[in-house]
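Visitor: pasting the structure only:
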């Protein structure tokens, strides 16, 4: 029986139970929040949920369902933290009875049940399901390629369909600053950005679909180019102009950073705020460490917890509830000899100095620092979780294959099979084992340096995001043929949500119709 990814922990279907009318599922026990979430089920799966207590097809019963505690850190706001996502479905007296202790669990169940409906037929079903990890997310780069409010909504819908619960928004970088900050009107000149009202709307839209938006403001590196023109503001330049960074003690920097952190803490309901901290090659160690310390202290004062990329562990500033995000895959560690060979002659002394200072190879030691400090870790290893990495298997659509061959995907990464995500086991990853790292969650990442339109994003995201959902949700090993069938079934929902440009991977869609590439 087809079902959308991720596969439930256990699923058994039987004979037809009920014939529906116009794909309408009559449900007893729908709450106001589930009615709002029902819009996604109709949009993605073509199934309308209709309240009906007289002769329902599905009966919701609010009861605690015994299940293992999810592994890791809960990303949800305080009013939802700790709510169980576990659910059970049983066939009882001609109805499907769904048991769960929360609306979130009911929503997960209704997505699964709706995906089982074929040609107005609701089958008998027995399902037991619960998540492996508490934090299941996607990091989205809205800087290198702007995503409109409507496009972010579509991505939120996609995440909710696949039982993700975090969308991490990378909101600034050297190319652009994508949200307004009170008191700094020149921060977003002549570029596309989210207004405060946009962010408020997206937070609520995600909340209705049981997804938490986690904001990222990336500094003290990756930012100087977009803020250096602010009045009364100074940025620092390293030994070459490309290496710019912020120094907390410089004029204007601390007030600006405080205003930025205050704004995202106001706009977003996530208990976590991401402050970046990656690739700050030009900054002296103590200057960098002070900036990380001050930002984390500011967040704690705002009642929030911090997340940083893995490099910031070197500052020694994380509190007991802060997190780091592990991103440098073993195959993607910097090779000084390759950097030296590729660098122009005038920059080779800089490479020599960076190597002597340990900057180029510092990331090879981060996992041990993280483990020793006992910091909870979101795993986003570039191999296999960076979705801008080109899949090594071909596309059954020639236009898609041409895009991969000529421009789409980060050519600095060795291509890997999409299926490598299914073969990957986070708890067995070498650096996690060697560092004795405490895994707090799983998060894929889409960086958009090569993304030109929404179909490009779809081609990089799917089907791999569905595979990430499978690894983040289910503990048990699934049969590969079942995962492929579920992926093919999920693709119908992707198209309904507007992701028509998904990668027609020959490993999953050997006879697929051409992708649409005109978005």
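Guide: Here it is on my side, so go on. Only a predicted model underlies this, so the values are computations on that prediction, with no experimental measurement involved. Residues are numbered from 1 along each chain as shown.
Visitor: Mind telling me what element the closest residue to residue 302 other than its chain neighbours is part of?
Guide: Of all residues beyond its chain neighbours, the one nearest residue 302 is residue 265 (4.4 Å), with distances taken as Cβ to Cβ, 6 or more residues apart in numbering. The way it works is simple: take the backbone N, C-alpha and C, and place the C-beta from them, glycine included. Assigned by DSSP states H and E, residue 265 belongs to helix 253-267.
Visitor: List the buried residues for that helix?
Guide: 253, 254, 256, 257, 260, 261, 262, 263, 264, 265, 267 (16 or more other Cβ atoms under 10 Å).
Visitor: residue contacts, the first one?
Guide: When contacts are counted by Cβ atoms under 8 Å, 6 or more residues apart in numbering, residue 253 touches 233, 234, 246, 247.
Visitor: Need the worst-confidence member of these.
Guide: Across the contacts of residue 253, the smallest pLDDT goes to residue 234, namely 83.
Visitor: residues contacting it?
Guide: By Cβ under 8 Å, 6+ apart, residue 234 lies in contact with 247, 250, 251, 252, 253.
Visitor: ok, now how distant is it from residue 157?
Guide: 43 Å (Cβ to Cβ, to the nearest Å).
Visitor: right, and the secondary structure at the closest residue to residue 407 other than its chain neighbours would be what?
Guide: Of all residues not flanking residue 407 in the chain, residue 450 sits nearest, at 5.9 Å (Cβ to Cβ, 6+ apart). Look at residue 450: counting by DSSP: H, G, I helix; E, B strand; the rest coil, its state is coil.
Visitor: sorry, back to before: wait, which of the contacts of residue 253 is closest to residue 66?
Guide: Closest approach to residue 66 among those (Cβ to Cβ): residue 246, at 49.9 Å.
Visitor: The nearest residue to that closest one once chain neighbours are set aside: neighbour count?
Guide: Ranked by Cβ to Cβ, 6+ apart and with sequence neighbours excluded, the top spatial neighbour of residue 246 is residue 220, at 4.0 Å. Residues contacting residue 220 under the criterion other Cβ atoms under 10 Å number 29.
Visitor: Next up, the contacts around residue 220.
Guide: Here residue 220 is in contact with 245, 246, 247, 248, 277, 280, 283, 287, 288, 291, 292 (criterion: Cβ under 8 Å, 6+ apart).
Visitor: Using TSV, please lay out those together with neighbour count, secondary structure and distance to residue 210.
Guide: As requested, the contacts of residue 220 are arranged in TSV below (neighbours: other Cβ atoms under 10 Å; DSSP: H, G, I helix; E, B strand; the rest coil; distance: Cβ to Cβ, whole Å):
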residue	neighbour count	secondary structure	distance to residue 210
245	23	strand	38
246	28	coil	36
247	18	coil	41
248	18	coil	37
277	29	coil	29
280	29	coil	35
283	21	coil	39
287	18	helix	41
288	24	helix	37
291	28	helix	34
292	26	helix	32
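Visitor: mind checking how far residue 152 is from residue 211?
Guide: Counting by Cβ to Cβ, the separation of residue 152 from residue 211 is 11 Å.
Visitor: So between those two, which is more surrounded?
Guide: Taking neighbours as other Cβ under 10 Å, residue 152 and residue 211 compare with residue 211 leading, 26 against 21.
Visitor: Do I have it right that that one meets residue 160?
Guide: Yes - with contacts counted by Cβ atoms under 8 Å, residue 211 reaches residue 160, the gap being 5.5 Å.
Visitor: What does residue 32 show for phi and psi?
Guide: Main-chain torsions, residue 32, degrees, to the nearest 10: phi -60, psi -40.
Visitor: how many neighbours does it have?
Guide: 8.
Visitor: Quick check, central residue of the protein?
Guide: Taking Cα atoms, centre = their mean as the criterion, residue 138 is the residue nearest the geometric centre of the chain, at 0.8 Å.
Visitor: That one is in what secondary structure piece?
Guide: Counting by DSSP H and E, residue 138 is found in strand 135-141.
Visitor: where does residue 4 fall, phi/psi-wise?
Guide: Taking degrees, to the nearest 10, you get phi -80, psi 150 for the backbone angles of residue 4.
Visitor: re earlier: is the residue nearest to residue 246 located within a helix, as I assumed?
Guide: No - applying three-state DSSP, one finds residue 220 to be coil, outside a helix.
Visitor: So what does it look like in phi/psi?
Guide: phi -90, psi -10.
Visitor: Distance-wise, check residue 32 relative to residue 142.
Guide: 30 Å.
Visitor: isn't the residue nearest to residue 302 right next to residue 304, touching?
Guide: Yes - counting by Cβ under 8 Å, residue 265 touches residue 304, with 5.4 Å between them.
Visitor: list residues touching both of these two?
Guide: Listed as contacting both residue 265 and residue 304 by Cβ under 8 Å, 6+ apart are residue 273.
Visitor: Which pLDDT value goes with the closest residue to residue 81 other than its chain neighbours?
Guide: Leaving aside its chain neighbours, residue 81 sits nearest to residue 74 (4.9 Å; criterion: Cβ to Cβ, 6+ apart). Turning to residue 74, the model gives it a pLDDT of 98.
Visitor: And for residue 74, the neighbour number?
Guide: Residue 74 - counted by other Cβ under 10 Å - has 18 other residues nearby.
Visitor: Over to the one 4 residues further on?
Guide: Other residues within reach of residue 78, judged by other Cβ under 10 Å, total 10.
Visitor: What is the nearest of the contacts of residue 253 to residue 394?
Guide: Using Cβ to Cβ, the contacts of residue 253 come closest to residue 394 at residue 246, 43.8 Å.
Visitor: OK, contacts around that closest one?
Guide: 219, 220, 221, 223, 224, 227, 235, 236, 253, 257, 291.
Visitor: What of residue 483?
Guide: Counted by Cβ under 8 Å, 6+ apart, residue 483 has contacts 5, 7, 422, 467, 470.
Visitor: Contacts for the following helix or strand past the strand holding residue 138 next, please.
Guide: Where DSSP H and E defines the elements, the next helix or strand beyond strand 135-141 is helix 149-161. The contact list for helix 149-161, computed with Cβ under 8 Å, 6+ apart, reads 4, 37, 40, 43-45, 107, 111, 137-138, 140, 142, 147, 165-167, 169, 194, 198, 201-202, 205-206, 209-211, 454, 461, 465, 490, 493-494, 497-499.
Visitor: Below-threshold pLDDT in this structure: ranges please.
Guide: Within the chain, the segments meeting pLDDT under 70 span 1, 239-241, 334-335, 338-339, 342, 346-347, 350, 353-361, 512-519.
Visitor: Which of the three states applies to the nearest residue to the residue nearest to the centre of the chain once chain neighbours are set aside?
Guide: Leaving aside its sequence neighbours, residue 138 sits nearest to residue 444 (Cβ to Cβ, 6+ apart; 5.2 Å). Recorded secondary structure, residue 444: strand (three-state DSSP).
Visitor: can you pull the contacts of residue 444?
Guide: 137, 138, 139, 380, 385, 386, 387, 464, 465, 468.
Visitor: do residue 175 as well
Guide: 143, 144, 225, 226.
Visitor: sorry, back to before: which neighbouring elements make contact with the strand holding residue 138?
Guide: helix 149-161, strand 166-170, strand 439-446, helix 464-473 (3 or more Cβ pairs under 8 Å, 6 or more residues apart in numbering; DSSP states H and E).
Visitor: How much space separates residue 60 from residue 321?
Guide: 34 Å.
Visitor: quick one: which of those two has more around it?
Guide: Neighbour count, other Cβ under 10 Å: between residue 60 and residue 321, residue 60 has more, with 23 against 14.
Visitor: can I assume the more buried one sits in a strand?
Guide: Yes - counting by three-state DSSP, residue 60 is part of a strand.
Visitor: That one contacts residue 26, doesn't it?
Guide: No - Residue 60 is not in contact with residue 26 according to Cβ under 8 Å; the separation is 11.6 Å.
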